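>>> turn this into a structure:
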Amino acid sequence: MGYKKGIVPVEQIELSILWIRGHRVMLDADLAMLYEVPTKALVQAVKRNIERFPSDFMFQLTPEEFAGLRSRFVTSNMETKRGGRRYPPYAFTEQGVAMLSSVLRSERAIQVNIEIMRAFVRLREMLASNAELARKLEELERKYDAQFKVVFEAIRELMTPPETQRRRIGFVVE
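Below is the predicted model:
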């Protein structure tokens with residue numbers, strides 16, 4: 001069985017990764033959509049194997065977190081046509097998403113999981129490279145005197161992309 005590249009657009013996965021409670025997570029409804037299974041079926045499979053999903057792999061959003069989430073999106077893919085969800089969604093960390101591959105055994109689930117894991121790795125690499133670049137810039141600032149201050153400020157400004165160019169991945173629930 002070879003890897004089928006492009007089964008899910010990378011952008012779709014990256015936009016599904018949210019920042020909640022200090023973790024990068026994906027919600028059950030987004031995962032179900034990617035796996036092409038009903039959200040209810042995904043949650044049932046998880047509950048049948050709940051011992052595989054400790055709290056650092058999966059957690060359920062509080063009603064307040066869920067309300068905050070819903071208010072951030074104009075149209076919500078987390079609601080059904082019958083008037084919305086009856087319970088707050090489950091959030092899966094990177095480890096929880098990896099564990100899903102042992103619970104959902106379809107060929108599509110395996111391929112989608114591979115792509116999701118790659119998206120998490122790319123996100124981690126992007127964050128690490130940006131942190132490394134900021135660290136190196138600080139070292140240079142300490143090394144050189146004030147005559148280069150304007151240059152360093154310009155570099156920092158270039159490092160901060162405008163909000164309109166690229167949509168941030170995830171968000172923080174306050």
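>>> CA atoms for contacts and neighbours, from now on please.
Fine.
>>> which helix runs longest in the chain?
helix 107-143 (DSSP state H).
>>> and after that one, which helix or strand comes next?
Downstream of helix 107-143, the next assigned helix or strand under DSSP states H and E is helix 149-159.
>>> what separates that next one from the chain centre, distance-wise?
29 Å (CA atoms, centre = their mean, to the nearest Å).
>>> Ser55 looks like it's in a strand, true?
No. Applying DSSP: H, G, I helix; E, B strand; the rest coil, one finds Ser55 to be coil, outside a strand.
>>> now it: how far from Arg135?
Per CA to CA, to the nearest Å, Ser55 is found 33 Å from Arg135.
>>> neighbours of Val112, just the number please.
24 (other CA atoms under 10 Å).
>>> give me the phi and psi for Phe92.
phi -110, psi 130 (degrees, to the nearest 10).
>>> name the helices or strands packed onto the lowest-mean-pLDDT helix or strand in the chain?
Here the helix or strand of the chain ranked lowest by mean pLDDT, DSSP states H and E is helix 149-159, holding a mean of 73. The elements that helix 149-159 packs onto, with contact taken as 3 or more CA pairs under 8 Å, 6 or more residues apart in numbering; DSSP states H and E, are helix 107-143.
>>> mind listing what's buried along the helix it packs on?
For helix 107-143, burial by neighbour count (16 or more other CA atoms under 10 Å) applies to 108-117, 119-120, 123, 141.
>>> same question for stretch 10-23.
Ile13, Glu14, Ser16, Ile17, Leu18, Trp19, Ile20, His23.
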